[in-house]
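Enquirer: model this:
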Amino acid sequence: MQDDNTMDRRKYKRLPIELHLEVDEIFKQDNIVLKDLNASVLVYNISKSGIGFISKASLPLSYYFRGRINLGDNDFFCVVIRIVRAHISGDKKVYGAEFVGLAPFLADKVDKYEKKLNNDENYKE
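Expert: Numbering: from 1, shown residues only. As a prediction, the model looks like this:
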């Protein structure tokens, strides 16, 4: 979804994931809250710094929402996520978002997820 120039600037490797989140409210730091959104999002990639996701809902940039990232095998963490970019692809909107204030030991769970993906791929061969 990204050109080579964009990927070169990324700090962390994007890993494939399929994860559904329900976003009921988004907020800004100045106490602006949008409630009852009932927005369904499909997370398609993850890194130590954030996620890429798709939604039919229109979500504004620079807003935050809470999510529970489930990496499988009962490994999960709760995060605050800030929407940093969006573009339209067909009838869906593609978003990029960053984790806010994620503790290093939680970000390390993404490294463990990558190792699991690599082990699963090696096992298939």
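Enquirer: then the host helix or strand of H87 to PDB, C-alphas only?
Expert: Element membership of H87 [criterion: DSSP states H and E] is strand 76-89. Output in PDB follows, covering the C-alpha atoms of strand 76-89 (Å, rounded to 0.1, in the frame of the first residue of the first chain):
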ATOM      1  CA  PHE A  76      -2.400  -8.800  24.200                       C
ATOM      2  CA  PHE A  77      -2.000  -5.200  25.300                       C
ATOM      3  CA  CYS A  78      -4.200  -2.200  25.700                       C
ATOM      4  CA  VAL A  79      -3.200   1.100  24.000                       C
ATOM      5  CA  VAL A  80      -4.200   4.600  23.100                       C
ATOM      6  CA  ILE A  81      -3.900   5.100  19.400                       C
ATOM      7  CA  ARG A  82      -3.700   8.500  17.500                       C
ATOM      8  CA  ILE A  83      -4.800   8.700  13.900                       C
ATOM      9  CA  VAL A  84      -2.000  10.300  11.900                       C
ATOM     10  CA  ARG A  85      -2.900   9.700   8.200                       C
ATOM     11  CA  ALA A  86      -5.800   8.700   6.000                       C
ATOM     12  CA  HIS A  87      -6.600   8.200   2.300                       C
ATOM     13  CA  ILE A  88      -9.400   6.700   0.300                       C
ATOM     14  CA  SER A  89      -9.200   3.500  -1.500                       C
END
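Enquirer: Can you give me the buried ones in stretch 52-61?
Expert: By 16 or more other Cβ atoms under 10 Å, the buried positions in stretch 52-61 come out as G52, F53, I54, S55, L59. No exception for glycine: its C-beta is placed from N, CA and C like everyone else's.
Enquirer: pLDDT value on the fourth one, please?
Expert: Read that as S55. In this model, S55 is scored at 95, pLDDT.
Enquirer: so how far is C78 from it?
Expert: According to Cβ to Cβ, to the nearest Å, S55 stands 20 Å off from C78.
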